[in-house]
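# Got a predicted structure here, sequence first:
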Amino acid sequence: MKTITLLSVLFVLILMCQNKSASQWSGDPDNPMAVCNEPHDQKEPVMINDGSGGYFVFWADHRNYVQNEADLYGQRLDAGGNKLWGSAGKFLADSVLYSIPKAIRTSDGNVIVLYSSTNGGNRIWAIKINSSGNNIWSGPLAFYVAGWPQLGASNYGAVSDGSGGIIVTYQVTWGGGATLIFAQRITSNGIIKWSPSTNGYNLSVSGESRAPVITSDERGGVHIFWYNVPGPYNIWKTHIDSSGNFPPKEALYLTANNYPLIRAVSDGTGGAVISWATNGGGATGSDIYAQRINLAGDEQWNATGNISVITTEFRRVII
């Protein structure tokens with residue numbers, strides 16, 4: 001019995017040593033594992049989990065340097081930090097002009113990556129890849145964008161539609177300076193579903209609409225929030241269902257607020273919870289507020305949000 005126990009302990013220790021030796025994660029905070037350190041710049045990384053304990057990482061890569069352009073590369077890491085797509089990553093798309101890539105794991109187990117490019121004019125492009133990094137569609141597909149797509153982290157968002165595709169919201173600035181917000185859906189097989197020749201659904205209101213935030217309703221639709229200028233910098237919201245229907249857009253009128261910084265998450269029951277920070281100054285300073293809405297868009301918490309210092313008033317306006 002002692003011999004069996006000793007052998008069992010030795011076997012476990014051998015497995016632990018093997019697992020430790022196989023892991024690529026660094027235990028030194030001053031010398032972390034390099035995902036990619038090819039020549040020239042690698043910028044704007046985004047990471048999502050792969051559903052199997054590992055991660056997908058995507059970035060804009062300048063190793064094949066062309067002025068103001070980059071290529072889109074990716075890497076998959078397993079749970080031990082091992083690189084599954086070669087030591088230098090995998091080339092996915094070229095001619096990325098200015099983009100913070102956006103990656104969404106779809107309900108069919110694949111990944112859709114969004115980025116911007118000037119190929120064929122200013123466009124937002126999408127590719128769908130499998131777990132090996134191979135393109136599922138025939139090639140990248142492009143949104144129609146007549147203006148300039150702004151794909152900064154606060155101007156751009158997408159979520160799974162629950163059917164292998166995604167729903168996207170993004171900000172576009174026209175040549176004259178007007179800024180608008182759109183919503184678009186791409187199906188699992190790569191069809192641009194909503195008004196493909198006009199950028200999808202125009203969610204904009206009077207003035208300029210900016211910084212859209214999107215979250216799933218867990219029913220194949222989405223809640224989208226944004227703010228508009230000039231003041232009083234209202235937070236607006238709409239809900240788009242799985243069939244593409246959406247009711248009149250509604251505003252939450254905010255007083256003592258300036259360029260609200262909005263965040264949103266699904267509440268798991270069809271609604272959403274949003275929070276925002278005011279950009280106050282002086283004695284009042286900045287404050288954080290929160291509100292919950294149901295599937296119909298009705299506020300569920302008190303009219304001033306959950307955390308309030310500055311007096312904030314909500315009044316519903318329908319257009």
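Here it is on my side, so go on.

# Distance check, Asp50 against Ile127.
Going from Asp50 to Ile127 by CB to CB, to the nearest Å gives 16 Å. Glycine gets a C-beta too; all of them are placed from N, C-alpha and C.

# quick one: which of the two has more around it?
Set Asp50 next to Ile127 and count neighbours by other CB atoms under 10 Å: Ile127 wins out with 20 against 17.

# Point me to the helix or strand that includes the more buried one.
For Ile127, the host element (DSSP states H and E) is strand 123-129.

# okay, now the nearest residue to Trp194 once chain neighbours are set aside: neighbour count?
Nearest non-adjacent residue to Trp194, counting by CB to CB, 6 or more residues apart in numbering: Gly200, 4.4 Å away. Number of residues near Gly200 (other CB under 10 Å) recorded here: 24.

# got a list of what Gly200 touches?
Under the criterion of CB atoms under 8 Å, 6 or more residues apart in numbering, the contact list for Gly200 reads 143, 168, 182-185, 192, 194.

# cutoff 6 Å now
Neighbour list for Gly200: 182-184, 194 [criterion: CB atoms under 6 Å, 6 or more residues apart in numbering].

# Going by distance to Asn64, which of these wins?
Gln184 (29.8 Å; CB to CB).

# roughly how far apart are the closest one and Pro140?
Per CB to CB, Gln184 is found 15 Å from Pro140.

# host element of the residue nearest to Leu203 when sequence neighbours are not counted?
Excluding its sequence neighbours, the residue lying closest to Leu203 (CB to CB, 6+ apart) is Ile181, at 4.7 Å. When elements are assigned from DSSP H and E, Ile181 belongs to strand 179-186.

# Past that strand, which element shows up next along the chain?
Heading C-terminal from strand 179-186 (DSSP H and E), you reach strand 201-202.

# That following strand packs against which elements?
Here strand 201-202 touches no other helix or strand, going by 3 or more CB pairs under 6 Å, 6 or more residues apart in numbering; DSSP states H and E.

# Mind giving me the packing neighbours of the helix or strand just after it?
Counting by DSSP H and E, the next helix or strand C-terminal to strand 201-202 is strand 208-216. Secondary-structure packing of strand 208-216 (3+ CB pairs under 6 Å, 6+ apart): strand 156-160, strand 179-186, strand 222-229, strand 261-266.

# mean confidence score for the second one?
I take that to be strand 179-186. Computed over strand 179-186, the mean pLDDT rounds to 92.

# All set, thanks.
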